[in-house]
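Enquirer: Any chance you can model this:
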Amino acid sequence: MKLSKPSLFVCILIMSGLTYGSGTMNEDEINNVNRVDVSDEDARQRLSITAGLLADYEIAAKKLILNLDNGSTKAMDISKQAKALLDLSENVINSAQYRLPQCDEYLAKTLMLKGSLETISHASLEKDYHHDGALPKAPGECYHTKDLFVHPATVIVLTRDDPTLNKKTKASINVEISEVLAHTEIVRQLVIY
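Expert: Numbers count the residues shown, from 1 in each chain. Got it, this is the predicted structure:
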């Protein structure tokens, strides 16, 4: 399989450590994040389900990237795949809000983006959600889970704005989904373990 330059770059980032937009999170930093302890069977089952959803998310994200290379794939198909990622991420976010209560308000405001996907501009989405302009201040660990939602939301907006899926849009979608794949292991470490 031949990787595009953005995908290759993200693969290198993943292999070099746990990464995120403003740097890396090493194992000590992850271990020092305040989390709600998982002490009862219901909580353990909840996290087990979330682990499965996170694995499903990764598989669906990789399929979306592969479908971009398919010349007959339509914007509607890519948007549908991105909506499936949104649905999966909402369930992961619910568990993150439980495990990381310091992220609750931040993630709740993130989910409000869903109601504006038909009208929000790409520039506003970038400013308000990628760069947190519309979100309350939160610790760095909250960023990763947020991105599981924001990156597919961006894909939905990109496909809405360019239903022809020109080369530039496809490249942007590839970067969005490749980048969010780099966040999934951090989310797994923060929420599941």
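
Enquirer: for this structure, which residue is closest to the average position?
Expert: Leu148 (1.6 Å; CA atoms, centre = their mean).

Enquirer: do you know how far that residue is from Asn70?
Expert: Distance, Leu148 to Asn70, using CB to CB, to the nearest Å: 24 Å. Using the backbone N, CA and C atoms, a C-beta is placed for each residue, glycine as well.

Enquirer: what does Lys170 give?
Expert: 10 Å.

Enquirer: And stretch 182-193, end to end?
Expert: Using CA to CA, to the nearest Å, one end of stretch 182-193 lies 17 Å from the other.

Enquirer: can you pull the buried residues of it?
Expert: Of all the residues in stretch 182-193, those buried under the rule 16 or more other CB atoms under 10 Å are 182-192.

Enquirer: For it, what does the pLDDT average out to?
Expert: The pLDDT scores in stretch 182-193 average 92.

Enquirer: Apart from its neighbours in sequence, what residue is nearest the residue nearest to the centre of the chain?
Expert: Ser89 (4.0 Å; CB to CB, 6 or more residues apart in numbering).

Enquirer: The strand or helix carrying the one you found - what's its average pLDDT?
Expert: Per DSSP states H and E: Ser89 is located in helix 75-99. In this model, helix 75-99 has a mean pLDDT of 95.

Enquirer: Counting by contacts, list what the helix or strand following it packs against.
Expert: Downstream of helix 75-99, the next assigned helix or strand under DSSP H and E is helix 104-111. Contacts defined by 3 or more CB pairs under 8 Å, 6 or more residues apart in numbering; DSSP states H and E place helix 104-111 against helix 75-99, helix 141-161.

Enquirer: Pull out the buried positions in helix 104-111.
Expert: 106-107, 109-111.

Enquirer: can I get those residues in TSV with pLDDT?
Expert: Below are the buried residues of helix 104-111 laid out as TSV (pLDDT from 0 to 100):
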residue	pLDDT
Tyr106	97
Leu107	97
Lys109	97
Thr110	97
Leu111	96
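
Enquirer: which one of these sits closest to Ser48?
Expert: Checking these against Ser48 by CB to CB gives Leu107 as the nearest, at 20.4 Å.

Enquirer: can you list the buried residues of helix 104-111 in CSV and add distance to Asp37?
Expert: Shown next, in CSV, are the buried residues of helix 104-111 (distance: CB to CB, whole Å):
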residue, distance to Asp37
Tyr106, 21
Leu107, 20
Lys109, 26
Thr110, 25
Leu111, 25
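
Enquirer: how close does the residue nearest to Leu148 sit to Tyr57?
Expert: From Ser89 to Tyr57 the distance is 7 Å (CB to CB).

Enquirer: quick one: common contacting residues for those two?
Expert: Between them, Ser89 and Tyr57 share these contacting residues under CB atoms under 8 Å, 6 or more residues apart in numbering: Leu148.

Enquirer: Who has more neighbours out of these two?
Expert: Ser89 (28 against 23; other CB atoms under 10 Å).

Enquirer: so the more buried one makes contact with Pro152?
Expert: Yes: counting by CB atoms under 8 Å, Ser89 touches Pro152, with 6.8 Å between them.
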